[in-house]
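Novice: the amino acid sequence is not available; the structure is as follows:
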């Protein structure tokens, strides 16, 4: 390799002159000089700017304590909602599912969340009512959010009507008019992680035939 | 002037009567209650009587309570302490006080550095994460109490005049106060570069801290 400056991403720490690999996964390269290791795991490491699905665990005077599958509980300030003032603080019960954005996630500190986008609008953030939440790995979450769309998601979307919210922390939520649809979509997505592209197509065809 | 000391064998406990205010002066570990002019013990230890020098105008002996191994130094308002940061949160950082002045403490004292006490300028724009990290050694001063007459009971660290009953309020709002020693994320002891930055010798990365000005 000629003399060039490399940008090392996740999973590639530098030890003196040598670059070691610290995570198991695929080594990815992006021109001109970025390398990183892409891995899929059940644990989520919070990082600023991520959209995640969190579950309310506790309420404090200043913050809601939200579990986002990270090493520490995250704080959601009670005023971090569109038009939030001391008068209209939302009342979340323990167990409420929220779609939130990570504002800051410094090491050693609890991550901070918000239910507003960068302009202060609610956007899509907030409570996810009804439906059901499924757990996934971080790799599957990234695949579901990638473009072009995930084949299973696209295939199911052509035949069934449902809404889905994907958190990059290894959680996704599905809602539909019938619970059988919710279960179908959730299971199909979870199963598709272990299937290759070809297998996914076959599985999808079989599944959609069986519901007709 | 050699002062004579008599140390008794019997232990005294806080609240025990050590003498009348007219006969003895209250020294270390004792206090005078004005209501009934009696000197009570405020610490656990052995009673010691220090005879006054023959030149002093007040010829009352001083009674002290000394000898218990827990009588280490205690943080007082205005004194400079060395503490290790344990937890950094959005608006404050917790620290364990390790030394008072140059003496190490014998018991655990907790300190809190609030966002407004980190520095003297632009106190509402302070980012705690860019000032301290867990594991940093900081030099801080114990916040002066607002109460003009600090009456405190030293036992049980119930310093009613300082901070709250749980922790001392510490301040780093001076040039000589702040982070004295810190480790970088790579594990090397960092070298101060400016009053806001420290550099790791192993990787060359610069990390932000509220650095104490050491030296001339």
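Specialist: Yep, it's here. These numbers were taken from a predicted model, which means no experiment stands behind them. Numbers count the residues shown, from 1 in each chain, chains lettered A, B, ... in the order given.

Novice: local confidence estimate at residue B:108?
Specialist: Confidence at residue B:108, expressed as pLDDT, is 88.

Novice: so how far is chain A from it?
Specialist: Per C-beta to the nearest C-beta, to the nearest Å, residue B:108 is found 21 Å from chain A. For every residue, glycine as well, the C-beta is placed using N, CA and C.

Novice: how far away is residue A:107 from residue A:209?
Specialist: Using C-beta to C-beta, to the nearest Å, residue A:107 is found at 50 Å from residue A:209.

Novice: can you tell me what sits against stretch B:185-193?
Specialist: With contacts defined as C-beta atoms under 8 Å, 6 or more residues apart in numbering or on different chains, stretch B:185-193 is touched by A:107, B:181-184, B:198-203, B:205-207, B:209, B:211, B:214.

Novice: where does chain A dip in pLDDT?
Specialist: Under the criterion pLDDT under 70, the flagged ranges of chain A are A:1-2.

Novice: how about a cut-off of 80?
Specialist: Low-confidence segments of chain A (pLDDT under 80): A:1-3, A:14-17, A:212.

Novice: how about the helices in it?
Specialist: Taking DSSP state H as the criterion, chain A contains helices spanning A:138-145, A:151-159, A:179-192, A:197-211.

Novice: again with chain B
Specialist: Under DSSP H, chain B gives no helices.

Novice: roughly how far does the nearest residue to residue A:41 once chain neighbours are set aside sit from residue A:145?
Specialist: The shortest distance from residue A:41 to any non-neighbouring residue, by C-beta to C-beta, 6 or more residues apart in numbering or on different chains, is to residue A:138 (5.8 Å). Look at residue A:138 and residue A:145: by C-beta to C-beta, they are 11 Å apart.

Novice: joint contacts of those two?
Specialist: Common neighbours of residue A:138 and residue A:145 (C-beta under 8 Å, 6+ apart) are residue A:168.

Novice: ok, those two, which is more surrounded?
Specialist: residue A:138 (21 against 15; other C-beta atoms under 10 Å in any protein chain shown).

Novice: so the residue lying closest to residue A:103 once chain neighbours are set aside bridges to which residues?
Specialist: Residue nearest to residue A:103 in three dimensions, not counting chain neighbours: residue A:112, with 4.6 Å by C-beta to C-beta, 6+ apart. Beta bridges link residue A:112 to residue A:75, residue A:104, judged by DSSP bridges.

Novice: just want the most central residue of chain B.
Specialist: residue B:75 (1.7 Å; C-alpha atoms, centre = their mean).

Novice: isn't that one right up against residue B:100?
Specialist: Yes - here residue B:75 reaches residue B:100: they are 5.3 Å apart, a contact under C-beta atoms under 8 Å.

Novice: bridging residues for residue A:51?
Specialist: If you apply DSSP bridges, the partners that residue A:51 bridges to are residue A:101.

Novice: which residues does residue B:71 contact?
Specialist: B:29, B:43, B:45, B:106.

Novice: ok, and the most crowded of those?
Specialist: Counting neighbours by other C-beta under 10 Å, residue B:29 comes out on top of those with 25 neighbours.
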